[in-house]
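1. how does the following fold in three dimensions:
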Amino acid sequence: MTTQINSNYLEKYAKDYAEIVCDRFYQNRQFITGQDIVGLTASVQVNFFVIKRLFELWQQELQKLKSNPYFDYRDVAVHEALTQFMNVLSRRIKVERAHLQPLLEYAVQKSIEVATNPVAFYQGEIDQAPAQKINDYLAENKKYYKWHSQVITFLIDKAGFGQDPVAYKKAIAANYQAIKEQLESVNLLLATLGEVKAFDLDAYLEKTQEAEVSKPIVEEENKDSFFDEIETEATPEEPEKETFPEESPMPEPPKAAPVSSTSTGKLDPNRVKSRFEAESYKGMKGLIGELSESLAINQRFMFRKELFEGNDDLLTHALKTLDACKSFEEAIDVINVRYLTELGWDESSDPVEEFLHVVYRRFTD
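-> Just a heads-up that it's a prediction; the model follows:
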């Protein structure tokens, strides 16, 4: 029994998804801006793949100008003026529905591909890179990779592979095999599409006795524009043995001994700290960087949904506020005053416990 992609289902789903999103957005609007696109849907990958496509079209416009044989585009003054013009142009993104809808369909299809088959998707990105500029291409586009980015970001700025596309593709496949257990689940990623239209993974991946899915290349044994300013999530530093602890899914906290709170209904930072200091199972300990940049996608999605009323702006503001704290105790005070009561958090729930744990890791000495 093999699996075959149902391209008809994928195309229809992407079309329906794009139509629903456009119906919602353009109900009282004629145009959409770049900043609107960044937060257009609950699926951050869909949004950023639309931006990525706009970036590619923006670059194509620049190349068209440079292809004119009658002017010296190597002249410094011309180069500076052209750069300024293109940056101004990038800040004037203004897209009507008829032009956004096909961009959305494309972004949805690519998002589903990267969720279900990241090796094939990122190997395809290598094919898109200009000859002898693979590192530059990856570095330039990494801000648009929001799902399973650990599969490829370890390659950025690495010169060990030269500029051989085959070597890059083999490295991607090998790294995926090494870290696949740490990646966000396919179902969790695709669930972000469900805010617009539920995605049927079984309908997309059909079972068949005959057809075979084309396999990606694997390692054989013994063988300042708008686009520059888009807010990006931090890429984890490359640890030893090419693992990515900052992006690893957090293990479920033990059900016994929930996080303690005081009798007044507020969290006691000393008790919370003692609780986590006592934990020794794999994955619980270790420093992380700023909360606003270090959350895994599955964590961000869960916190936004379960703790911050589905409001991404509220979550982002909370993370930045906690990052500005000087200590774990100060962070807990902020949580007590601003979130625990006002948002009705149950301090014994799994989402709250996991949120407190990442805050603890943020301030661990």
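
2. any idea which helix is longest in this protein?
-> Criterion DSSP state H: the longest helix present in the chain is helix 44-66.

3. can I see the domain layout of the protein?
-> Taking automatic domain parsing as the reference, the chain has its domains at 2-203, 248-362.

4. could I get those in TSV, plus columns for mean neighbour count and mean pLDDT?
-> (Glycine included, C-beta is placed from N, CA and C.) Below are the domains of the chain laid out as TSV (neighbours: other Cβ atoms under 10 Å; pLDDT from 0 to 100):
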stretch	mean neighbour count	mean pLDDT
domain 2-203	17	86
domain 248-362	16	75
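
5. which non-adjacent residue is nearest the most centrally placed residue in the chain?
-> Nearest residue to the geometric centre of the chain (Cα atoms, centre = their mean): Lys146, 2.0 Å. Once flanking residues are discounted, Lys146 sits nearest to Gln45: 4.4 Å by Cβ to Cβ, 6 or more residues apart in numbering.

6. next, the contact list for the one you found, please.
-> Gln45 makes contact with 107, 111, 114-115, 146-147, 189, 192, according to Cβ atoms under 8 Å, 6 or more residues apart in numbering.

7. now the angle from the host helix or strand of Val108 to helix 44-66?
-> Assigned by DSSP states H and E, Val108 belongs to helix 97-116. Counting by axes from the mean of the first three to the mean of the last three Cα atoms, to 10 degrees, helix 97-116 lies at 120 degrees to helix 44-66.

8. follow-up on the earlier one: I'd like the next helix or strand past the longest helix of the chain.
-> The first helix or strand that comes after helix 44-66 along the chain, using DSSP H and E, is helix 76-90.

9. helices and strands around that following helix, which ones?
-> helix 44-66, helix 226-229 (3 or more Cβ pairs under 8 Å, 6 or more residues apart in numbering; DSSP states H and E).

10. out of those, nearest to Phe85?
-> Of all the helices and strands packed on helix 76-90, helix 44-66 sits nearest to Phe85, with 8.7 Å by Cβ to Cβ.

11. hang on, the earlier thing: could I get the helices and strands packed on helix 76-90 as a markdown table with distance to Leu322?
-> Converted to a markdown table, those look like this (distance: least, Cβ to Cβ, whole Å):
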| stretch | distance to Leu322 |
| --- | --- |
| helix 44-66 | 21 |
| helix 226-229 | 24 |
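
12. would Arg338 count as being in a strand?
-> No. Read with DSSP: H, G, I helix; E, B strand; the rest coil, Arg338 is helix and lies in no strand.
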